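Engineer: Okay, predicted coordinates and the sequence, questions at the end:
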Amino acid sequence: MTQIPKDYLPKKSHTVPFGYELSDIEGYLKPIPKELEALKKYLKGVTEQKYSLREAAKLITQESGRSVSHVTLKNYLDSDPSLAEQHKKKIAAKKRRLARQKKALYKKERAVKAQEQVMKKATEQTTSHVVTETELAEVPVDVQAQLKDAKVVFSANEGPQTDFLAADEKDVLYGGAAGGGKSYAMIVDPLRYAHKKAHRALILRRSMPELREMIDKSRELYPQAFPGAKFREVEKLWNFPSGAKIEFGFLERDADVYRYQGQAYSWIGFDEITHLPTEFSWNYLASRLRTTDPEIKTYLRCTANPGGAGANWVKKRYIEPNESNKSFIGDDGLTRKFIPAKLQDNPYLAKDGVYEQMLKSLPPIQRRQLLEGNWEVAEGAAFVEFDNTKHIVTPFQLPVHWERTKAVDYGYAAESCCLWGAIDINDGTLIIYRELYQKGLTGEELGTIIGNMELEDPFSVSGVLDTAAWARTGTTGPTVGEALIKAGHKLRRADKNRVQGKIQIHEFLKVRENGRPKLQIFNTCPNLIRELQSIPLSKTNPEDVDTHASDHAYDALRYMIMSRPRVDSPLERIRGLKKEMHQPSDSTFGY
């Protein structure tokens with residue numbers, strides 16, 4: 001029997017594989033060392049990523065003189081597990097390396113494009129010279145430094161002005177002290193979509209003379225930011241090369257808002273919105289806010305200084321619902337934010353101190369509004385000495401022995417107000433610790449609510465009631481005063497002297513030598529605080545407040561102070577009564 005060498009292969013088909021030839025032994029193939037050596041060498045080169053399969057096949061053919069295809073080499077590679085696994089790892093590593101190189105190349109290409117775009121906007125005659133912070137951040141540092149030396153028409157001040165221009169909320173108020181750069185920001189903000197054909201913006205002020213200043217500012221900026229932008233004087237309208245439009249308008253009366261009926265705007269802004277006496281116009285304009293371009297977001301933007309005819313509704317809409325610089329959702333479902341500004345936020349005006357000195361020379365109310373950006377004081381307010389930091393306190397547990405009193409101002413169509421006060425026996429300070437402020441109550445309903453609220457008090461609280469509550473006004477039924485008395489409330493008629501009552505409130509608001517005023521209010525009494533902050537003087541009688549303003553909590557406070565609330569405690573009063581009851585007629589014999 002013939003012995004088969006170990007390196008021989010059995011012949012399985014009519015074809016003879018590379019590296020072998022027919023042998024003398026029938027049915028077997030013998031190896032060709034030269035070809036196998038070349039095959040092994042170049043397959044190893046393939047796994048080490050030196051050659052591709054096609055390159056290896058070509059080299060093997062040249063070296064051995066026998067033709068071999070890259071498909072054959074792939075089969076050889078797959079048939080050897082160790083070589084196949086090594087090949088896969090090398091291929092995977094190569095792909096990862098190529099992915100990294102591709103990513104780095106993409107970043108370089110993006111940086112180059114960004115640099116070209118920024119430089120083009122900054123230096124060449126294009127349709128837009130607006131460079132955003134995002135675009136500027138993508139270019140190399142040396143290019144940023146180069147742009148800083150170039151002519152810059154407008155660059156937002158760090159702080160509130162930048163925050164305002166970057167705000168993403170639907171409805172934003174940028175307000176506070178004078179000189180904070182609000183009007184200029186209002187001119188710049190609508191440019192955010194001036195490169196879009198569907199963009200249409202509306203900038204408003206109360207009157208045409210006020211609007212003229214903003215138009216002059218736009219003439220300085222818009223043609224430089226967007227070369228080719230044209231202003232049409234008659235329509236007060238800017239046309240931009242993209243087809244976008246920015247319109248200027250004014251609202252002297254609420255009825256003027258109907259001039260914009262049927263119009264659609266993607267951006268609406270009102271400079272000095274506190275000049276609007278009510279929010280009707282602003283709410284109506286919000287209904288004009290829409291766009292057909294899904295890439296354009298719609299915005300409401302406004303600026304204001306504290307004070308003015310509409311200060312109360314502006315404060316209620318933007319300032320009271322949440323902290324400054326924090327987004328919130330209003331009752332109408334719109335996202336809002338209030339961004340406060342101070343003079344110091346505008347380095348161009350604050351640097352030399354001249355403008356600040358001018359603001360300091362204003363009367364007290366205007367100084368607090370325009371210099372400090374204080375929204376708590378109202379122009380023409382009757383009680384300018386009211387100070388949140390001194391007259392408003394955090395609720396605390398009242399000692400049981402402090403004297404307590406209440407005062408009621410009744411109304412049905414208007415609000416009924418009941419205030420509860422306690423006297424600090426240490427220095428006589430009147431502490432207003434609770435309020436009821438509600439309309440549509442009958443005498444019986446009011447008596448029930450007051451009784452339920454007094455369950456927290458250690459004893460029944462006596463007080464005073466508006467004399468009008470005892471008036472029968474032609475009826476024979478029980479009056480409101482009688483209904484309250486029947487409900488168990490100890491009430492007497494209030495002293496309604498308006499002038500003297502106002503003087504007494506001024507007296508109670510004064511800060512004494514001990515640093516404490518004679519009147520303090522728990523911060524859980526918002527209606528009394530609001531009225532003392534904003535109630536205006538009468539236009540016909542400077543010694544009284546305007547009776548057409550909201551004054552129900554003010555009247556109740558006036559009744560309480562004019563009732564001369566006692567300072568001694570109930571215990572001391574009982575001791576005094578006992579002493580009077582047992583005072584002997586004859587001091588000698590004691591009876």
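Structural biologist: It's in.

Engineer: How about the secondary structure of His401?
Structural biologist: State at His401, reduced to three classes by DSSP: H, G, I helix; E, B strand; the rest coil: coil.

Engineer: ok, it - how many residues close by?
Structural biologist: His401: 12 surrounding residues under other Cβ atoms under 10 Å. Every residue, glycine included, has its C-beta placed from N, CA and C.

Engineer: ok, now Tyr318?
Structural biologist: Neighbours of Tyr318 (other Cβ under 10 Å): 25.

Engineer: Spatially nearest residue to Thr292 (excluding sequence neighbours)?
Structural biologist: Ala198 (5.6 Å; Cβ to Cβ, 6 or more residues apart in numbering).

Engineer: Just list the residues touching that neighbour, thanks.
Structural biologist: 243-244, 266, 291-293, 296 (Cβ atoms under 8 Å, 6 or more residues apart in numbering).

Engineer: Hmm, Ala229 and His195 touching each other?
Structural biologist: No: assessed by Cβ atoms under 8 Å, His195 is found out of contact with Ala229, at 11.2 Å.

Engineer: Comparing these two, which shows the higher neighbour count?
Structural biologist: Taking His195 and Ala229 together and counting by other Cβ under 10 Å, Ala229 has the greater number of neighbours (23 against 16).

Engineer: Just the residues contacting whatever helix or strand Gly451 lives in, thanks.
Structural biologist: Taking DSSP states H and E as the definition, Gly451 sits inside helix 443-453. Outside helix 443-453, the residues that touch it by Cβ under 8 Å, 6+ apart are 406, 408, 410, 416, 418, 420, 434, 436, 438, 441, 469, 478-484, 486-489.

Engineer: Could you write me a PyMOL select line covering just the buried ones among those?
Structural biologist: To isolate the buried ones among the contacts of helix 443-453 in PyMOL, judged by 16 or more other Cβ atoms under 10 Å, type:
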select buried, resi 406+408+410+416+418+420+434+436+441+469+479+480+481+483+484+487+489
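
Engineer: Which of the contacts of helix 443-453 fall within helices?
Structural biologist: Of the positions in the contacts of helix 443-453, 480-484, 486 sit in helices, assigned by DSSP state H.

Engineer: which among the residues you listed gets closest to Thr335?
Structural biologist: Among the ones in helices among the contacts of helix 443-453, Val480 lies closest to Thr335 (Cβ to Cβ), at 44.6 Å.

Engineer: Only the buried subset of the contacts of Ala198, as a PyMOL command please.
Structural biologist: Of those, the buried ones can be selected in PyMOL as follows, counting by 16+ other Cβ under 10 Å:
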select buried, resi 244+266+291+296
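
Engineer: And the residue nearest to Thr292, how close does it get to Lys518?
Structural biologist: As for Ala198, its distance to Lys518 is 62 Å (criterion: Cβ to Cβ, to the nearest Å).

Engineer: if we can go back for a sec, and the helix holding Gly451, C-alpha only, in PDB?
Structural biologist: Presented in PDB, the C-alpha positions along helix 443-453 are these (Å, rounded to 0.1, in the frame of the first residue of the first chain):
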ATOM      1  CA  GLY A 443     -74.800  90.800  54.400                       C
ATOM      2  CA  GLU A 444     -75.500  87.300  55.600                       C
ATOM      3  CA  GLU A 445     -72.800  85.800  53.400                       C
ATOM      4  CA  LEU A 446     -70.300  88.300  54.500                       C
ATOM      5  CA  GLY A 447     -71.100  87.700  58.100                       C
ATOM      6  CA  THR A 448     -70.600  83.900  57.700                       C
ATOM      7  CA  ILE A 449     -67.300  84.300  55.900                       C
ATOM      8  CA  ILE A 450     -65.900  86.700  58.500                       C
ATOM      9  CA  GLY A 451     -67.000  84.400  61.300                       C
ATOM     10  CA  ASN A 452     -65.300  81.400  59.700                       C
ATOM     11  CA  MET A 453     -62.100  83.400  59.200                       C
END
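
Engineer: same question for the helix or strand just after it, mean pLDDT?
Structural biologist: Using DSSP H and E, the helix or strand that follows helix 443-453 in sequence is strand 463-465. Across strand 463-465, the average pLDDT comes to 96.

Engineer: Where does the prediction get shaky in the stretch 301-450 of the chain?
Structural biologist: 343-374, 376-380 (pLDDT under 70).

Engineer: Please enumerate the strands of it.
Structural biologist: Per DSSP state E, counting those that start in this stretch, the stretch 301-450 of the chain carries strands over the ranges 328-329, 335-341, 392-393, 403-409, 415-423, 430-439.
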